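Novice: turn this into a model:
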Amino acid sequence: MMLKTSISPFRGSALATSSVFSQKLSSVLVKARGPIHLKASKIKMELSITRPDDWHLHLRDGELLEAVVSHSSHHFGRAIIMPNLKPPITTTAAAMAYRQSILKALPENSDFTPLMTLYLTDTTSPNEIKLARESGVVYAVKLYPAGATTNSQDGVTDLFGKCLPVLEEMVRQNMPLLVHGEVTSPDVDVFDREKVFIDTVLFPLLKKLPQLKVVMEHITTMEAAEFVESCDDRFVAATVTPQHLVLNRNSLFQGGLQPHNYCLPVLKREIHRQAIVSAVTSGSKSFFLGTDSAPHERSKKECSCGCAGIYNAPVALSVYAKVFEEAGALDKLEGFTSFNGADFYGVPRNTSKIELRKTPWKVPTSFSFSWGEIVPMFAGQTLDWLPSN
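Specialist: Sure, this is the predicted structure:
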């Protein structure tokens, strides 16, 4: 990561001095030698980091895909694409067709690469895992417990029974399992679903198949962070979203019900948010960027039974930079955004760069299309870091 800082004095200063420097970032610290007296100054910062990847992204399909794909492709080199469409992407052939739809929808000259996934069901076969690995375009298999989130009605009901041969083949093929880590029993409180999943599903699964590569998606609790940190980082990792780093469950209700802050897993207590921030900004290789950006047309969010999902693709990098800056850990941002995920998946790190400028910018209140509107995270608010190519 490279930090570029410009200090521009105003006219009338006692000493007209300016400096521009670039250095390997170990800490954001400017040291001045001797007395420098400035009445006022403007300090501009720019970060140059390896182009990030998004290891958990919903692009949808049809008109919605065409509307949102550019927001991700402008900032990210690659993305793991979620398979929970209608119908879900359950076969390698379907994944390859969906990939072509994404490539067709990309802006001209874009080099964004979609990394495809399969939707695990009770009827997925071990041979499908072999086909997925041989395809060269499928990088993981997604576990949705049936009923856990959007379009998960076709998800798994018998992981340790019907799905066990598939999981064993995934170990042989070194194919990661991406888990939506929540139980769906109505007897479990919605705020406890992640912890119960760890205790009753994930821990037994890893004990049975210790060499299965697992990504615990969009973690939301202290218990999840601690569990991931306790595991071997060659086999277990976690993605973390912007919303779970900056919002807690109060954000659902402040000033009235806030449908655009509703996602699954649902936002948790402040103590959990703080724990996740600490884990992510520690420099641990076990955590990496996964936005879980999930677009819905406005009327499907603002209704009597609104959809779960936060559309954060346009603001994600700005929010991550804010979190790491506030934690005094900008030197660890690049590892989280650009290195840890690629290393876990065993793919080369990107070679191109992206810049983040410390300059205020206002998030659009919505993105309008002929068929409706999408409201982004932090709509109408001002953010401090502006990403650019």
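Novice: can you give me the strands in the stretch 101-250 of the chain?
Specialist: Here the stretch 101-250 of the chain has its strands, by DSSP state E, counting those that start in this stretch, at 113-119, 138-143, 177-179, 214-216, 236-240.
Novice: out of the ones you listed, which is closest to residue 316?
Specialist: strand 236-240 (10.9 Å; C-beta to C-beta). Quick note: C-beta positions are derived from backbone N, CA and C, even for glycine.
Novice: helices or strands next to the closest one in the packing?
Specialist: If you count contacts as 3 or more C-beta pairs under 8 Å, 6 or more residues apart in numbering; DSSP states H and E, strand 236-240 packs onto strand 214-216, helix 222-230, strand 287-289, helix 340-345.
Novice: give me the contact list for it.
Specialist: 55-56, 206, 213-219, 224-225, 228, 276, 280, 285-290, 292, 340-341, 344 (C-beta atoms under 8 Å, 6 or more residues apart in numbering).
Novice: cool, and stretch 135-145?
Specialist: 80, 82-84, 92, 95-96, 99, 115-120, 124, 129, 132, 152, 154-156, 159, 166, 170, 175-180, 182-184, 197, 201, 215, 345, 347.
Novice: pull out the buried members of those residues.
Specialist: Among those, the ones that count as buried by 16 or more other C-beta atoms under 10 Å are 80, 82-84, 92, 95-96, 99, 115-120, 124, 129, 132, 152, 154-156, 159, 166, 170, 175-180, 182-184, 197, 201, 215, 345.
Novice: need the contact list for residue 70.
Specialist: Contacts of residue 70 by C-beta under 8 Å, 6+ apart are 106-107, 110.
Novice: what does residue 261 give?
Specialist: Residue 261 neighbours (C-beta under 8 Å, 6+ apart): 243, 247, 251-252, 267, 310.
Novice: again, 7 Å this time
Specialist: 247, 251-252, 267, 310 (C-beta atoms under 7 Å, 6 or more residues apart in numbering).
Novice: residue 268 now?
Specialist: 191, 220-221, 248-249.
Novice: shaky segments in the protein?
Specialist: The chain contains residues with pLDDT under 70 at 6-43, 148-152, 389.
Novice: scan it for its longest helix.
Specialist: Across the chain, the longest stretch assigned as helix under DSSP state H is helix 92-105.
Novice: restricted to buried residues, select the contacts of residue 268 in PyMOL.
Specialist: In PyMOL, a selection of the buried entries from the contacts of residue 268 looks like this (16+ other C-beta under 10 Å):
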select buried, resi 191+220+221+248+249
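Novice: ok, the contacts of residue 268 vs residue 383, which is closest?
Specialist: Nearest to residue 383 among the contacts of residue 268, with distances taken as C-beta to C-beta, is residue 248, at 18.7 Å.
Novice: that closest one reaches residue 273, doesn't it?
Specialist: Yes - counting by C-beta atoms under 7 Å, residue 248 touches residue 273, with 4.9 Å between them.
Novice: where do the helices of the stretch 251-389 of the chain begin and end?
Specialist: Applying DSSP state H, counting those that start in this stretch to the stretch 251-389 of the chain gives helices spanning 270-280, 298-301, 316-326, 333-334, 340-345.
Novice: buried residues in the longest helix of the chain?
Specialist: Quick answer for helix 92-105 (16+ other C-beta under 10 Å): 92, 94-96, 98-99, 102, 105.
Novice: how about those residues, which pair is most distant?
Specialist: Pairwise over the buried residues of helix 92-105, using C-beta to C-beta, the maximum falls at 92 and 105, 20.6 Å.
Novice: rewinding a little: save the strands of the stretch 101-250 of the chain as a markdown table, and put in distance to residue 383 too.
Specialist: Putting the strands of the stretch 101-250 of the chain into a markdown table (distance: least, C-beta to C-beta, whole Å) gives the following:
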| stretch | distance to residue 383 |
| --- | --- |
| strand 113-119 | 26 |
| strand 138-143 | 30 |
| strand 177-179 | 28 |
| strand 214-216 | 27 |
| strand 236-240 | 18 |
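Novice: now do the same contact list for residue 56.
Specialist: 80, 82, 217-218, 239, 290-292.
Novice: likewise for residue 225?
Specialist: 219, 275-276, 279.
Novice: which two among the residues you listed are spaced furthest apart?
Specialist: Longest span within the contacts of residue 225, C-beta to C-beta: 219 and 275, 9.7 Å.
Novice: more neighbours, these two?
Specialist: The neighbour comparison of residue 219 against residue 275 (other C-beta atoms under 10 Å) goes to residue 219, with 29 against 20.
Novice: quick one: that one from residue 252, how far?
Specialist: Residue 219 sits 18 Å away from residue 252, going by C-beta to C-beta, to the nearest Å.
Novice: and if you look at residue 372?
Specialist: 23 Å.
Novice: wait, residue 77 sits on residue 54?
Specialist: No - applying C-beta under 7 Å as the test, residue 77 and residue 54 come out as separate, 8.9 Å apart.
Novice: and the two? which has more neighbours close in?
Specialist: Legend: neighbour count by other C-beta under 10 Å for residue 77 and residue 54, higher for residue 54 (27 against 20).
Novice: show me the contacts for that one.
Specialist: 72, 76, 79, 289-291.
Novice: turn the residues you listed into JSON lines, columns for distance to residue 139 and neighbour count.
Specialist: Supplementary listing: those in JSON lines, determined by distance: C-beta to C-beta, whole Å; neighbours: other C-beta atoms under 10 Å:
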{"residue": "72", "distance to residue 139": "16", "neighbour count": "24"}
{"residue": "76", "distance to residue 139": "15", "neighbour count": "26"}
{"residue": "79", "distance to residue 139": "10", "neighbour count": "28"}
{"residue": "289", "distance to residue 139": "16", "neighbour count": "25"}
{"residue": "290", "distance to residue 139": "13", "neighbour count": "27"}
{"residue": "291", "distance to residue 139": "17", "neighbour count": "31"}
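Novice: let's check: the centremost residue of the chain is which one?
Specialist: residue 290 (1.7 Å; C-alpha atoms, centre = their mean).
Novice: which one is residue 45 nearest to, not counting chain neighbours?
Specialist: The shortest distance from residue 45 to any non-neighbouring residue, by C-beta to C-beta, 6 or more residues apart in numbering, is to residue 358 (3.9 Å).
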